[in-house]
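[1] quick one: sequence and predicted model below, then my questions.
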Amino acid sequence: MSIKCMISDKIKYIDFHCHCDLLPGFESRSLRLDPEVAAVAVTTTPLAWPKNVEESQHISGMLPALGMHPQLISARYKDHDSFSKYVKDAFIVGEVGLDGSAAFKDSLDSQEEVLSKILKLSSASETTKILSIHSLKAESRVIKILNTEMNTASLTPIMHWFTGSLLQASKLLDLGAKFSFNHKMVKTKKGKSLLAHIPKESILIETDLPFTAKTYDSSFHKSLLEETTIELAISLGVSSDDFTADLLKNSKQLLGST
């Protein structure tokens with residue numbers, strides 16, 4: 001069963017990277033999103049996909065994504081074998097990618113092997129359209145693999161919390177990439193530099209909850225997205241109301257829900 005991304009007319013903000021299955025209330029089925037918020041519910045292992053799909057039927061605005069986090073590949077390498085079982089039903093694939101930071105660089109070869117397989121499967125899938133990509137300290141490797149393994153005609157990579165160089169960002173833009181900004185990124189010099197470098201239509205928003213805050217409730221979630229949107233608009237020198245509307249329009253078009 002293909003999982004479609006249906007966006008309610010009430011939605012004002014779309015969070016392109018949120019770990020809904022790690023938020024308080026998910027396991028007890030009490031988790032709810034704000035009525036004005038939709039969230040791409042990234043996962044860290046494909047084994048979490050069935051539960052996320054099931055819960056998305058009960059949580060309005062939750063958009064399930066099929067993932068295999070690079071930081072888990074060393075400890076849970078065999079999990080990625082389940083990817084092929086579910087990818088035919090996944091409109092969004094994420095969180096996937098590479099992590100070259102000190103704690104995970106020893107597994108980079110295995111990470112590359114897995115990402116290559118995931119990109120081939122996603123490119124072959126008639127359903128998959130969007131990728132949420134982790135690239136910490138491995139940006140050049142990610143770009144190389146995207147160039148060789150990704151079908152750019154059918155897939156759009158969204159760079160989650162990108163911290164690479166502007167030259168790398170340009171190479172990703174050439175591949176049709178979008179960049180998702182969160183409330184922490186917009187306050188940094190590097191984040192502002194990236195924002196000034198990329199086209200407005202390539203900007204999306206995210207929270208990366210629960211890893212970017214010590215608490216969670218639906219109104220707080222919405223406030224983070226609103227804060228990020230306002231900060232982005234200020235940095236770009238545009239009206240926050242106009243930017244909010246443009247951002248939502250671009251987001252809905254990307255999700256195929258206009």
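    Noted; the coordinates are in hand.
[2] helices of the protein, residue ranges please.
    Secondary structure of the chain by DSSP state H: the helices cover 49-56, 83-86, 108-124, 139-149, 166-174, 189-197, 218-236, 240-254.
[3] buried set for the shortest one?
    Taking 16 or more other CB atoms under 10 Å as the basis for neighbour counts, the residues of helix 83-86 that come out buried are 83, 86. In short, each C-beta sits where N, CA and C put it, glycine included.
[4] elements contacting it?
    helix 108-124 (3 or more CB pairs under 8 Å, 6 or more residues apart in numbering; DSSP states H and E).
[5] list of residues touching the helix it packs on?
    Residues outside helix 108-124 that contact it (CB atoms under 8 Å, 6 or more residues apart in numbering): 68, 70, 73-74, 77, 80, 83-84, 87, 93, 96-100, 104, 128, 131, 138, 141-142, 145-146, 149-151, 154-155.
[6] go with 6 Å
    Identification of contacts with helix 108-124 by CB atoms under 6 Å, 6 or more residues apart in numbering yields 70, 73, 80, 83-84, 87, 93, 96, 98, 100, 128, 145, 149-151.
[7] what residues of it count as buried?
    Applying 16+ other CB under 10 Å to helix 108-124 flags 108, 111, 112, 114, 115, 117, 118, 119, 120, 121, 122, 123 as buried.
[8] my read: residue 133 touches residue 157, true?
    Yes. The pair residue 133 / residue 157 is scored as a contact, 5.2 Å apart, by CB atoms under 6 Å.
[9] number of residues surrounding the closest residue to residue 133 other than its chain neighbours?
    Distances taken as CB to CB, 6 or more residues apart in numbering place residue 97 nearest to residue 133, at 4.4 Å, with adjacent residues excluded. Residues lying near residue 97 (other CB atoms under 10 Å) number 29.
[10] which pLDDT value goes with residue 97?
    With respect to pLDDT, residue 97 scores 98.
[11] go on, the one 5 residues further on?
    As predicted, residue 102 sits at a pLDDT of 97.
[12] reformat the helices of the chain as a markdown table; add mean pLDDT and distance to residue 210.
    Formatted as a markdown table, those follow (pLDDT from 0 to 100; distance: least, CB to CB, whole Å):
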| stretch | mean pLDDT | distance to residue 210 |
| --- | --- | --- |
| helix 49-56 | 96 | 15 |
| helix 83-86 | 96 | 24 |
| helix 108-124 | 97 | 23 |
| helix 139-149 | 98 | 24 |
| helix 166-174 | 99 | 27 |
| helix 189-197 | 96 | 20 |
| helix 218-236 | 97 | 10 |
| helix 240-254 | 95 | 22 |
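[13] among those helices, which comes closest to residue 24?
    Residue 24 lies closest, by CB to CB, to one member of the helices of the chain: helix 218-236, at 10.9 Å.
[14] returning to what we had before: filter the contacts of helix 108-124 to the buried ones?
    70, 73, 80, 83, 87, 93, 96, 98, 100, 128, 145, 149-150.
[15] in strands, which of those fall?
    Cross-referencing the buried ones among the contacts of helix 108-124 against strands under DSSP state E gives 93, 96.
[16] how many neighbours does the closest residue to residue 239 other than its chain neighbours have?
    Closest residue in space to residue 239, ignoring its immediate chain neighbours: residue 233 at 6.6 Å, by CB to CB, 6+ apart. Using other CB under 10 Å, residue 233 has 18 neighbouring residues.
[17] distance of residue 112 from residue 52?
    The spacing between residue 112 and residue 52, counted by CB to CB, to the nearest Å, is 26 Å.
[18] now residue 157
    Using CB to CB, residue 157 is found at 21 Å from residue 52.
[19] higher neighbour count, those two?
    Taking other CB under 10 Å, residue 157 and residue 52 do not tie; residue 157 has more neighbours (27 against 22).
[20] the more buried one contacts residue 131, doesn't it?
    Yes. Contact criterion CB under 6 Å: residue 157 and residue 131 qualify, at 4.7 Å.
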